[in-house]
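Engineer: let's see this in three dimensions:
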Amino acid sequence: MYKPYLADCYKGVRKKNIVTERLIEKRDSYFCKEQSKMPIFPKEPCVLNAWSDFQLESDRLNRSGKALNDYKKIIKEDLELKLPFGGTPTNWKASLILAWAYIHITVIFFFISFPLLAWFLGNKSLSLQALQLCFFIWFFSKLINVITKKRILQRLKLHTFFNRSSGNVEVPSSDGKELIDLKYDEFNAHYRVVHNPNSGFPFRGFTLLHYKEDMLFDYTGPTHIYDVFCELELIENFMDTTKPLADIPQFEYYREFDKTTAEFDKANGRPKYFWYRVERDFVKKMNKEALKLHKEFDSDKQLDNLMSGKPIKKLTPPEIFKFPWKYADNIKPESEIKFGKTLWQKFTSFLMIDL
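Structural biologist: Numbering: from 1, shown residues only. Below is the predicted model:
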């Protein structure tokens, strides 16, 4: 059953006034004021594909069943087509939870490595003490997670949602208690760069900033600007109801519920649940094709063009990105689709906290 589009959903046409009406000096937020001065990504597609650097991981999450479970957990009312994004925390509660997750991962690392190191160095007493301390911290963190998961964590609004059905971006409020709906075509994508203290290479990304309100979605992570363009065009593709969804693992769940996409799939003979049925090797093959486009794009040159306001190079992706099933050798029957974690994935999931 298709999930309906609302009358004012996004149809690929952005409002013309938002480029010039940026209201830099009138903003209350210093961060929004500074980001509004940064270069704006072009409205028209450039890399012309949505195969971002997340697709290999997305395929793994699909196969383990985690992607579907997380989607159902995050989206309580599954009546519309919504794409959840974590992004950079926009309120103190989200920042606190992210810090908690990093601390928990660090504790697991020391839980395993430090006692072993002390043991190999011959200090069995220190090894036992370190093991007990790390176990206590890990157990306490897991216990807090179990206690607060349903009472607090699942009530907080920590994700930004891109709603294909309504054409809205649903942004968490500053206190994390509600989502604020704003039209997607009222946002500009500004260039964003963050220092990476570990490698020295910067994290690049974008800030989707409302042209008038101090509301935003902030994303950083890739080193190369090509990956940033892919992520932006992934969001643009998801929101544009006049075009079928990009054929990528991340969008497989949505395809049968989206009218435009389902009609495209039927007309072109696309196998249902293709990304659930194809072998992992084919996903890696697609990733290699994306790397070829990455090299052709020349990220350094296009970053210079973006910063100086020059035209961005437009790619012509091969047909495999539009009709990937035509290039897949082994597509198993629907009856053989199985979701499930390996023993190692179950063990690592047990060690982690569920946020």
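
Engineer: going forward, measure contacts between C-alpha atoms and count neighbours the same way
Structural biologist: Noted.

Engineer: where do the helices sit along this protein?
Structural biologist: Counting by DSSP state H, the chain has helices at residues 30-35, 55-64, 66-74, 92-120, 124-151, 225-239, 252-255, 259-268, 274-277, 280-297, 299-308, 343-351.

Engineer: turn those helices into JSON lines, columns for mean pLDDT, distance to residue 2 and mean neighbour count.
Structural biologist: Listed next are the helices of the chain as JSON lines, based on pLDDT from 0 to 100; distance: least, Cα to Cα, whole Å; neighbours: other Cα atoms under 10 Å:
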{"stretch": "helix 30-35", "mean pLDDT": "88", "distance to residue 2": "37", "mean neighbour count": "15"}
{"stretch": "helix 55-64", "mean pLDDT": "90", "distance to residue 2": "21", "mean neighbour count": "18"}
{"stretch": "helix 66-74", "mean pLDDT": "76", "distance to residue 2": "17", "mean neighbour count": "14"}
{"stretch": "helix 92-120", "mean pLDDT": "82", "distance to residue 2": "33", "mean neighbour count": "16"}
{"stretch": "helix 124-151", "mean pLDDT": "83", "distance to residue 2": "30", "mean neighbour count": "15"}
{"stretch": "helix 225-239", "mean pLDDT": "95", "distance to residue 2": "15", "mean neighbour count": "22"}
{"stretch": "helix 252-255", "mean pLDDT": "93", "distance to residue 2": "9", "mean neighbour count": "18"}
{"stretch": "helix 259-268", "mean pLDDT": "96", "distance to residue 2": "6", "mean neighbour count": "15"}
{"stretch": "helix 274-277", "mean pLDDT": "95", "distance to residue 2": "19", "mean neighbour count": "21"}
{"stretch": "helix 280-297", "mean pLDDT": "94", "distance to residue 2": "27", "mean neighbour count": "15"}
{"stretch": "helix 299-308", "mean pLDDT": "95", "distance to residue 2": "39", "mean neighbour count": "14"}
{"stretch": "helix 343-351", "mean pLDDT": "80", "distance to residue 2": "33", "mean neighbour count": "11"}
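
Engineer: please produce CSV containing the ones you listed, extended by distance to residue 161.
Structural biologist: Output for these, formatted as CSV (distance: least, Cα to Cα, whole Å):
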stretch, distance to residue 161
helix 30-35, 20
helix 55-64, 17
helix 66-74, 10
helix 92-120, 15
helix 124-151, 21
helix 225-239, 10
helix 252-255, 14
helix 259-268, 20
helix 274-277, 23
helix 280-297, 26
helix 299-308, 27
helix 343-351, 25
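
Engineer: centre-most residue in the chain?
Structural biologist: Nearest residue to the geometric centre of the chain (Cα atoms, centre = their mean): residue 85, 5.0 Å.

Engineer: quick one: which of the helices of the chain is nearest residue 177?
Structural biologist: Taking Cα to Cα, helix 92-120 is the member of those nearest to residue 177, at 9.9 Å.

Engineer: angle of that closest one against helix 124-151?
Structural biologist: Helix 92-120 and helix 124-151 are oriented at 160 degrees to each other (axes from the mean of the first three to the mean of the last three Cα atoms, to 10 degrees).
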